[in-house]
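**Student:** Below are the sequence and a predicted model; questions follow.
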Amino acid sequence: MTDRVCVGAIAGSFGVKGEVRLKSFCGEADAIASYGPLSDEPASKTYDIRLTRQVKGGFAARLSGVDTKEAADALKGTRLYADRDRLPELPDDEFYHTDLIGLIAFDTGGAEVGRVKAVLNHGAGDLLEITVKGQQDPVLLPFTLTTVPTVDINASRIIIDPPEGFFD
C-alpha cells in the first residue's frame, strides 16, 4: 500500500480567472475538497482546493497558487493525491484502486495467472485489467465477489474464478 491515493485529476482550465475543471475519483465526489491539501504525483507541489460549482464531468475549483487561466491550463492532466491517513477507513469488502494495482492473480487451483495492471470503470462496475502470462493482450475481468472471491492485500494477491473458457 502506498502512503498516497489518487483522488482526482485536473481536466483543464475553467473560465478565464484561474479556475480548473476537476474530476473527482472519490465515492462521494465532493469529498475531494475535504482530503486536502492535495499534491501532484511527484509530491513537489501541494494545493488547497475549494470547489466553486458543479460542472459537466466534475467541478469547477480554485486551487491555491493558481490565479490565471494560463496557470490553470498548465495543470491539465495533473493527477491529485491525498495522504492515505486523511481518507476514510473502508469496510472489509472495499478497496482503493491503487491497492489492487500490482497484485498477483492466482486461479482457484493456486496457479499464477498474471498481475493486475489497472482498475477500470466504464459505468457498469469495476473491471480488473490483468496482464496474463504468455498473452500479449490483457484481459478484463469483472471485479465481483463471484469472479474475485479473495483479495489479500497483505499477501499482494487475489484469487480469481473466471467463467469457464474465459482465458481461451
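**Tutor:** Looks like it came in fine.
**Student:** Please name the residues that touch residue 64.
**Tutor:** The neighbours of residue 64, taking C-beta atoms under 8 Å, 6 or more residues apart in numbering as the test, are 37, 47-49. Just so you know, the C-beta spots here come from the backbone N, C-alpha and C atoms, and that holds for glycine as well.
**Student:** Now do it, the pLDDT please.
**Tutor:** Per-residue confidence for residue 64 comes out at a pLDDT of 94.
**Student:** cool, and residue 17?
**Tutor:** According to the predicted model, the pLDDT of residue 17 comes to 89.
**Student:** For residue 38, which non-adjacent residue is closest in space?
**Tutor:** Distances taken as C-beta to C-beta, 6 or more residues apart in numbering place residue 80 nearest to residue 38, at 4.2 Å, with adjacent residues excluded.
**Student:** ah, wrong one, I meant residue 31
**Tutor:** In space, residue 31 is closest to residue 24, 7.6 Å off (C-beta to C-beta, 6+ apart).
**Student:** what about that neighbour, neighbour count?
**Tutor:** Residue 24 has 22 neighbours, counted by other C-beta atoms under 10 Å.
**Student:** how about it, what does it touch?
**Tutor:** Taking C-beta under 8 Å, 6+ apart as the contact definition, residue 24 lies against 7-8, 30-32, 58-59.
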